[in-house]
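*Asks:* sequence and predicted structure, then a few things I'm wondering about:
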Amino acid sequence: MALVAVTRPGALQTRRLAGYLSTIRIVVSTPHAPLLDGVSGEVVPYSGALSTQVAGLMDGFNQVVFFLSVGAVVRLITPHLRAKYEVRACSPSTTPDGSSCRCCPGT
């Protein structure tokens, strides 16, 4: 499971939820990463646009919890959806490290 926070309130909510989860990755904007010191799980600070992180999250996790407005989440994930319940096949250029993705092996 991945948790995503952009704002200070989001990071604090993420910290609270993380206490109930075992294996997680937390993607948080760099200025708010210190709020997550001591949290179990992998904390991944990012800078720049959150949209650059979404392809990797959609590929790498079955569950992603965004601490953002619904409208922002819809705009972020829509390019990565083919249908209501399907992730769009992506190319290596859409994964953060340039590797093939889980949804379309062999690309």
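*Replies:* Structure received.
*Asks:* which helix or which strand is home to Gln13?
*Replies:* In the assignment (DSSP states H and E), Gln13 maps to helix 8-18.
*Asks:* same for whichever helix or strand comes after that helix, what does it pack against?
*Replies:* Tracing the chain past helix 8-18, the next element assigned as helix or strand by DSSP H and E is strand 25-29. Applying 3 or more C-beta pairs under 8 Å, 6 or more residues apart in numbering; DSSP states H and E, one finds that strand 25-29 contacts strand 2-5, helix 8-18, strand 42-46, helix 51-60. C-beta here means a position set from N, CA and C on the backbone, and glycine is covered the same way.
*Asks:* need the winner for burial among the ones you listed.
*Replies:* strand 2-5 (a mean of 25; mean count of other C-beta atoms under 10 Å).
*Asks:* now it: average pLDDT?
*Replies:* Averaged across strand 2-5, the pLDDT comes to 95.
*Asks:* packing partners for it?
*Replies:* Looks like strand 2-5 contacts helix 8-18, strand 25-29, helix 51-60, strand 64-67 (3+ C-beta pairs under 8 Å, 6+ apart).
*Asks:* touching that strand from outside, list them.
*Replies:* 10-11, 13-14, 17-18, 21, 24-29, 32, 50, 53, 57, 60-61, 63-68 (C-beta atoms under 8 Å, 6 or more residues apart in numbering).
*Asks:* try it again at 7 Å.
*Replies:* 11, 14, 17-18, 24-28, 32, 57, 61, 64-67 (C-beta atoms under 7 Å, 6 or more residues apart in numbering).
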